[in-house]
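>>> just coords:
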């Protein structure tokens, strides 16, 4: 059984960290010298996109997928 509170806390942490990393990327773009600032900002935004991409996996009300039981006799 999945714990709803744990998933909600994890979801909150993913969103909060995504917002912070996005802000750090924006600050790098604005205040760091051009070639390095653009690279760091792009890396930070990719990381933030990955964090935001993980948010749907923490949905506490998502149905649990169950795998089909294997047929007896033939194993692959």
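Nice, thanks for sending it over. Not measured: the values here are computed from a predicted model.
>>> And residue 45, what's its pLDDT?
Listed pLDDT for residue 45 reads 98.
>>> I should have written residue 75 there, sorry.
Note on residue 75: pLDDT of 59.
>>> Over to residue 23?
If you check residue 23, the pLDDT there is 98.
>>> Assign residue 61 to helix, strand or coil.
Classification of residue 61 by DSSP: H, G, I helix; E, B strand; the rest coil places it in coil.
>>> what's in contact with whichever strand or helix holds residue 53?
Take DSSP states H and E as the rule and residue 53 turns out to sit in helix 34-54. Helix 34-54 is contacted by residues 14-15, 17-19, 21-22, 24-26, 28-32 when judged by CB atoms under 8 Å, 6 or more residues apart in numbering. All C-beta atoms are positioned from the backbone trio N, CA, C, and that covers glycine.
>>> Of those residues, just say which sits nearest to residue 58.
Comparing the contacts of helix 34-54 against residue 58 with CB to CB picks out residue 14 as the nearest, at 6.7 Å.
>>> That closest one reaches residue 59, doesn't it?
No. Residue 14 lies out of contact with residue 59 (CB atoms under 8 Å); the separation is 11.6 Å.
>>> Of the two, which one has the most company?
Each of residue 14 and residue 59 has its neighbours counted (other CB atoms under 10 Å); residue 14 has more, 18 against 12.
>>> can you tell me how far the more buried one sits from residue 47?
To residue 47, residue 14 is 12 Å away according to CB to CB, to the nearest Å.
>>> And for residue 8?
Applying CB to CB, the value for residue 8 to residue 47 is 22 Å.
>>> Regarding the chain, what is its longest helix?
helix 4-31 (DSSP state H).
>>> From the contact counts, what lies against it?
On a contact count with 3 or more CB pairs under 8 Å, 6 or more residues apart in numbering; DSSP states H and E, helix 4-31 meets helix 34-54.
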